[in-house]
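> I would like to see how this sequence folds:
(one chain, ligands or ions: 2)
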Amino acid sequence: MIREIHVYRDGDLLFSDVIVPNHDLDTKAVMMLVASSAKKLPEWKIDSMEIERFRYVYMNSHDTQFIITTDRQASVQKATEALMQMVSKFMTAFERVLESDDWKTTDFSPFTAGFRSIVSRVPVKVCLAGHGGTGKTTLLELATLPSQAPPQEYVPTFFGDKALLKADFGPYVFSIFDLGGQDRFVQEWGKIIRAGSIVVIVTDSTRENIAWTRRVAYPVLKNELPYARAIAIANKQDLPGALSPEEVGKRLGVPAYGMQANRREFRDRWLQLLKGVAFEEIDFKVVGEIEVE
Ligand SMILES: Nc1nc2c(ncn2[C@@H]2O[C@H](COP(=O)(O)OP(=O)(O)OP(=O)(O)O)[C@@H](O)[C@H]2O)c(=O)[nH]1
Ligand SMILES: [Mg+2]
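Ligands and ions are numbered 1, 2, ... in the order given. Here you go, the predicted structure:
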């Protein structure tokens with residue numbers, strides 16, 4: 001997921017667009033550091049650096065430094081391609097301005113639309129992880145097939161499935177990966193979840209299922225996606241004996257949100273949770289920081 005862009009020249013900020021602000025780091029200090037490295041690069045060469053759960057992909061063109069901030073877990077290759085498209089778009093509009101002194105007085109803000117249209121072309125990868133029968137496929141269909149009632153019967157997913165989700169998440173588009181949760185498929189998750197920005201841990205809100213999640217799912221997730229963001233879904237809240245979302249969250253060590261995925265009335269809530277975690281407006285946990293004793 002691409003989060004921000006900053007464009008510098010001679011230490012001046014020409015343009016920036018911050019879609020999801022970074023509350024973990026001192027962005028100004030980081031940008032000064034990255035911009036000074038970018039300045040040393042030959043024209044069109046791309047480099048990157050990682051700090052905590054963020055990656056900075058940068059290049060230098062026409063003595064101008066372009067820096068995009070992405071999730072560290074997301075694909076470097078896709079970020080690199082996106083940066084090239086952005087710089088090419090920027091140069092198409094402003095090359096002449098940059099070759100004269102006009103850049104000092106130019107308004108670069110019209111580039112926002114161009115930047116965001118490229119952000120939309122790199123889907124945000126969201127992985128639904130959890131044991132068989134907890135409701136992952138039900139959640140996938142609840143989100144992506146709005147005209148259809150969510151499935152009521154349980155058909156185990158073989159290996160994994162995925163679908164694109166375009167909703168009110170502008171500029172982001174989500175690619176949702178639905179993992180097969182039967183034990184024989186868990187060892188295959190690594191092949192599917194690579195470069196995931198967000199993990200949704202799905203539970204049926206029972207003690208046994210939470211124990212399974214911690215024992216079987218956590219090692220795979222922590223190994224493959226340590227820098228991804230995670231929330232948990234305390235699904236099947238309608239069933240007698242379901243643990244409360246607070247209890248589920250406490251036991252999992254990840255903020256949990258109550259859900260009834262087989263009821264279409266819950267679609268809006270589900271979409272709001274996805275939006276909330278993408279824009280970092282609700283509580284989440286970084287996968288590598290989930291505590292396992
Ligand atoms: N009572 C109740 N049933 C639910 C709820 N959400 C899903 N279900 C049902 O639980 C079953 C879960 O099915 P799936 O969504 O296919 O399960 P899954 O997690 O994809 O399972 P695998 O593909 O094997 O990993 C289905 O019968 C759903 O209708 C819920 O909130 N309450
Ligand atoms: Mg399934």
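> going forward, measure contacts between C-alpha atoms and count neighbours the same way
Noted.
> interface residues of the stretch 151-293 of the chain facing ligand 1?
151-157, 180-182, 235-239, 259-262 (C-alpha under 6 Å from any ligand atom).
> Spit out the contact partners of the residue nearest the centre of the chain.
Nearest to the mean C-alpha position of the chain, counting by C-alpha atoms, centre = their mean, stands residue 197 at 3.4 Å. Residue 197 makes contact with 1, 71, 73-74, 124-126, 227-229, according to C-alpha atoms under 8 Å, 6 or more residues apart in numbering.
> Weed out the non-buried ones from the residues of the stretch 151-293 of the chain next to ligand 1.
151, 157, 180-182, 235-237, 259-262 (16 or more other C-alpha atoms under 10 Å).
> can you tell me which of the residues you listed are in helices?
Among those, none falls in helices (DSSP state H).
> overlap between those residues and the residues near ligand 2?
residue 157 (C-alpha under 5 Å from the ion).
> could the buried ones among the residues of the stretch 151-293 of the chain next to ligand 1 go into JSON lines alongside pLDDT and distance to residue 118?
Shown next, in JSON lines, are those (pLDDT from 0 to 100; distance: C-alpha to C-alpha, whole Å):
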{"residue": "151", "pLDDT": "86", "distance to residue 118": "34"}
{"residue": "157", "pLDDT": "94", "distance to residue 118": "33"}
{"residue": "180", "pLDDT": "97", "distance to residue 118": "31"}
{"residue": "181", "pLDDT": "97", "distance to residue 118": "34"}
{"residue": "182", "pLDDT": "96", "distance to residue 118": "37"}
{"residue": "235", "pLDDT": "98", "distance to residue 118": "35"}
{"residue": "236", "pLDDT": "98", "distance to residue 118": "38"}
{"residue": "237", "pLDDT": "98", "distance to residue 118": "39"}
{"residue": "259", "pLDDT": "98", "distance to residue 118": "33"}
{"residue": "260", "pLDDT": "98", "distance to residue 118": "35"}
{"residue": "261", "pLDDT": "98", "distance to residue 118": "32"}
{"residue": "262", "pLDDT": "97", "distance to residue 118": "35"}
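> Nearest to residue 107, out of the buried ones among the residues of the stretch 151-293 of the chain next to ligand 1: which one, please.
residue 259 (46.2 Å; C-alpha to C-alpha).
> and the closest residue to residue 196 other than its chain neighbours, what are its phi and psi?
Nearest residue to residue 196, sequence neighbours excluded (C-alpha to C-alpha, 6 or more residues apart in numbering): residue 125, at 4.8 Å. Main-chain torsions, residue 125, degrees, to the nearest 10: phi -90, psi 120.
> show me the contacts for residue 125.
By C-alpha under 8 Å, 6+ apart, the residues touching residue 125 are 1, 74, 174-177, 195-198.
> what is it paired to in the beta sheet?
Beta-bridge pairing for residue 125 (DSSP bridges): residue 175.
> next one: residue 285
Beta bridges link residue 285 to residue 230, judged by DSSP bridges.
> Could I get the full set of helices for this protein?
In the chain, the helices defined using DSSP H lie at 27-39, 76-98, 111-120, 136-144, 183-186, 189-193, 207-212, 218-224, 245-252, 267-278.
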